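*Asks:* Quick one, what's the 3D model for this:
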Amino acid sequence: MAPEADVDVIVIGGGSVGENAADYATRAGLSALIVEAELLGGECSYWACMPSKALLRTGHAVAAVRRLPGTSAEFDPAAVLARRDSFTHDWNDESQVEWATGAGIRVLRGHARISGERTVEVEGPAGRETLTARHAVVVSTGSVPKLPPVPGLDAVRTWTSRDATSAKEVPPRLGVLGGGVVGCELAQAFQRLGSQVVLLQRGPRLLPALEPFAGERVAAALRDEGVDVRLEHGLESVSAVGDAIELHLGEESVVVDELLVATGRRPHTTSVGLESVGLEPGVTLVVDDTGLVEGVAGRWLYATGDVTGRAPLTHQGKYDARIVGAAIAARAAGEDLDVAPWGEHVATADHSAVPQVVFTDPEVASVGRTEAQARDAGLDVRVIDLPIAVAGSSLQADGYDGAARMLVDPARGVLVGVTFVGQDVAELLHAATVAIVGEVPVHRLWHAVPAYPTMSEVWLRLLEAYRSS
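*Replies:* Numbers count the residues shown, from 1 in each chain. Presented below is the predicted three-dimensional model:
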């Protein structure tokens, strides 16, 4: 007997991305069910975005106060950890389940595997259950850490980003392997919380996916605060030394109490049943701009978030999920999809307008392409580089030191990339995102007057420099 088709959309993975896919399908009149094996709300809510930013925020605020004359500030690391716990609700997802139920979304606990067309088997507390979706299955299972092939690494205690963001104590000595976003943010967080941190990066700069000056400025700031930043340093091997961990760096070794491995992530698709639809377990799920998985017959299997390899950022995954929810609903209703660039049912922004903030101090806020990416795409961009030196920045902090880069495609007269580095620049980013997504001509941006005295006045300086160059 065939399983009953009792739901329109099944979402495998109940992180914030999966929640958005289910929510937007439900808003469009479809029924939706989320299958989640861990905590509803996923990585971002409990082990990534929220707890990591809570660990960083107090240290940033105290550093900002100290940059103003006549002030002093201190903080209690235990209070920071307690505040972090409040944001994760002590790793309890009851409030998330209440939200889903209130939104009309069913939540099923258990591990889900695709077993055929629109069919999902769930192994949960009540045993095995088979469900069939009337219209779509959405894979939104996120990503998991990658471990590098370092001899001895599998034989010692290591931290993943989850362990770091949920740590109950601050280790006296912390090793960080990897100089990407996770490595840089958590190195600074724990240095300010009281650890002595050594950060090892195999390549020549930190934050290698961003503009070079961003990584250079973050490295300088980390070093100023006492982080032992070692670029072009490979880790030859590791070994246990009692309860500690010894990092072997050629002729030198460093002993740490904990080792955070932050060397990247891979799609979490090894155990979701991809083989049942002719795909290889563990692969990135390549999707079109409506979220349909390529290589699967029919229009029923979708993917959102990190599993697609497009832009592994929570906000971008949630954007993709909104698009997927709308596309599923339109196809279910037999409607024509709006698939022109920037249409209602396509994730156009994934290609050229992805915003990102690295929440170090200084912050790095970027959207669109880097100069290298723009030139690789065949764009003969004009590059405008300026220090962030306006009335608003001088009020923000004594000795404010920031930098801005604006990339303009002169053939179309529009921005294609913007990067800011400095204290509190994250709040400048959305204006750049709007300009790039809206393809606002530079001559029209000239009429967008920044309020005085705010840091947004850097926009005026960038446009002045462009017009005079």
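*Asks:* and the residue nearest to Ile328 when sequence neighbours are not counted, helix, strand or coil?
*Replies:* Leaving aside its sequence neighbours, Ile328 sits nearest to Ala136 (CB to CB, 6 or more residues apart in numbering; 4.6 Å). The way it works is simple: take the backbone N, C-alpha and C, and place the C-beta from them, glycine included. When classified by DSSP: H, G, I helix; E, B strand; the rest coil, Ala136 comes out as strand.
*Asks:* Roughly how far does Ala136 sit from Ala303?
*Replies:* Relative to Ala303, Ala136 is positioned 11 Å away (CB to CB, to the nearest Å).
*Asks:* Please identify the buried residues of stretch 385-401?
*Replies:* 386, 388-390, 392-393, 396-397, 400-401 (16 or more other CB atoms under 10 Å).
*Asks:* ends of it, how far apart?
*Replies:* Using CA to CA, to the nearest Å, the end-to-end distance of stretch 385-401 comes out at 14 Å.
*Asks:* distance between that stretch and the chain's centre?
*Replies:* 27 Å (CA atoms, centre = their mean, to the nearest Å).
*Asks:* outside of that stretch, which residues touch it?
*Replies:* 64, 67-69, 213, 362, 402-405, 420, 422-425, 452-458, 460-462, 465 (CB atoms under 8 Å, 6 or more residues apart in numbering).
*Asks:* from those residues, which ones fall inside strands?
*Replies:* By the criterion of DSSP state E, membership of these in strands covers 403-405, 420, 422.
*Asks:* unless I'm mixing things up, Glu344 is touching Ala329, no?
*Replies:* No: at 10.5 Å, Glu344 and Ala329 do not qualify as touching, with contact defined as CB atoms under 8 Å.
*Asks:* Can you pick out the residue with more neighbours from these two?
*Replies:* Neighbour count, other CB atoms under 10 Å: between Glu344 and Ala329, Ala329 has more, with 22 against 13.
*Asks:* Need phi/psi at that one.
*Replies:* The phi/psi pair for Ala329 (degrees, to the nearest 10) reads phi -60, psi -40.
*Asks:* so what's the residue nearest the centre of the chain up against?
*Replies:* Taking CA atoms, centre = their mean, the centroid of the chain lies closest to Leu313, which sits 2.9 Å from it. Contacts for Leu313 were tallied using CB under 8 Å, 6+ apart; they are 354, 356.
*Asks:* pLDDT below threshold where in the stretch 351-469 of the chain?
*Replies:* Scanning the stretch 351-469 of the chain for pLDDT under 70 picks out no residues.
*Asks:* Show me where it has its helices.
*Replies:* 371-376, 391-396, 429-437, 442-445, 458-468 (DSSP state H, counting those that start in this stretch).
*Asks:* again, but for the stretch 101-250 of the chain
*Replies:* Along the stretch 101-250 of the chain, the segments classed as helices by DSSP H, counting those that start in this stretch run 161-165, 181-193, 212-224.
*Asks:* how far does the first one sit from the chain's center?
*Replies:* For helix 161-165, the gap between its own C-alpha mean and the chain's C-alpha mean amounts to 15 Å (CA atoms, centre = their mean).
*Asks:* Quick one: mean pLDDT over that helix.
*Replies:* For helix 161-165, mean pLDDT is 98.
*Asks:* returning to what we had before: between the buried residues of stretch 385-401, which sits nearest Gly234?
*Replies:* Using CB to CB, Asp401 comes nearest to Gly234 of these, at 31.2 Å.
*Asks:* any idea how far Gly70 is from that closest one?
*Replies:* Taking CB to CB, one finds Asp401 at 20 Å from Gly70.
*Asks:* Around the residue lying closest to Gly295 once chain neighbours are set aside, how many other residues sit close by?
*Replies:* Spatial nearest neighbour of Gly295, excluding adjacent residues (CB to CB, 6+ apart): Leu279 at 6.2 Å. Residues near Leu279, counting by other CB under 10 Å, number 20.
*Asks:* which residues sit in contact with Leu279?
*Replies:* Residues in contact with Leu279 (CB under 8 Å, 6+ apart) are 285, 293, 295-296.
*Asks:* between the residues you listed, which is nearest Val156?
*Replies:* Taking CB to CB as the measure, Val156 lies nearest Leu285 of those, at 32.9 Å.
*Asks:* isn't the closest one right next to Pro267, touching?
*Replies:* Yes: shown here, Leu285 and Pro267 form a contact pair, counting by CB under 8 Å, at 6.8 Å.
*Asks:* remind me which residues of this protein are low pLDDT?
*Replies:* Scanning the chain for pLDDT under 70 picks out 1-5.
*Asks:* Can you tell me the number of residues neighbouring Gly203?
*Replies:* Neighbour count for Gly203, taken as other CB under 10 Å: 14.
*Asks:* Correction: the previous question concerned Pro149.
*Replies:* Per other CB under 10 Å, the neighbour tally for Pro149 reads 6.
*Asks:* ok, now how distant is it from Gly180?
*Replies:* 18 Å.
*Asks:* Repeat that for Arg134.
*Replies:* Arg134 is 41 Å from Gly180, by CB to CB.
*Asks:* more neighbours, the two?
*Replies:* The neighbour count for Arg134 versus Gly180, taken as other CB under 10 Å, is higher for Gly180 (20 against 15).
*Asks:* OK, contacts around the more buried one?
*Replies:* By CB under 8 Å, 6+ apart, the contact list for Gly180 reads 206-209, 262-264.
*Asks:* Output those in a markdown table; the columns should cover neighbour count and distance to Thr88.
*Replies:* Output for the contacts of Gly180, formatted as a markdown table (neighbours: other CB atoms under 10 Å; distance: CB to CB, whole Å):
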| residue | neighbour count | distance to Thr88 |
| --- | --- | --- |
| Leu206 | 29 | 27 |
| Leu207 | 24 | 26 |
| Pro208 | 14 | 30 |
| Ala209 | 13 | 27 |
| Ala262 | 24 | 20 |
| Thr263 | 20 | 24 |
| Gly264 | 15 | 24 |
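*Asks:* Looking at those, spot the one nearest Gly104.
*Replies:* Nearest to Gly104 out of the contacts of Gly180 is Gly264 (CB to CB; 37.0 Å).
*Asks:* can you pull the contacts of the residue nearest to the closest one when sequence neighbours are not counted?
*Replies:* Spatial nearest neighbour of Gly264, chain neighbours left out: Lys146 (4.6 Å); criterion: CB to CB, 6+ apart. Residues counted as contacts of Lys146 (CB under 8 Å, 6+ apart) are 263-266.
*Asks:* Adding secondary structure and distance to Pro171, write the residues you listed out as CSV.
*Replies:* Output for the contacts of Lys146, formatted as CSV (DSSP: H, G, I helix; E, B strand; the rest coil; distance: CB to CB, whole Å):
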residue, secondary structure, distance to Pro171
Thr263, coil, 19
Gly264, coil, 22
Arg265, strand, 23
Arg266, strand, 26
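*Asks:* Name the nearest of those residues relative to Leu56.
*Replies:* Among these, and counting by CB to CB, the member closest to Leu56 is Arg265, at 19.6 Å.
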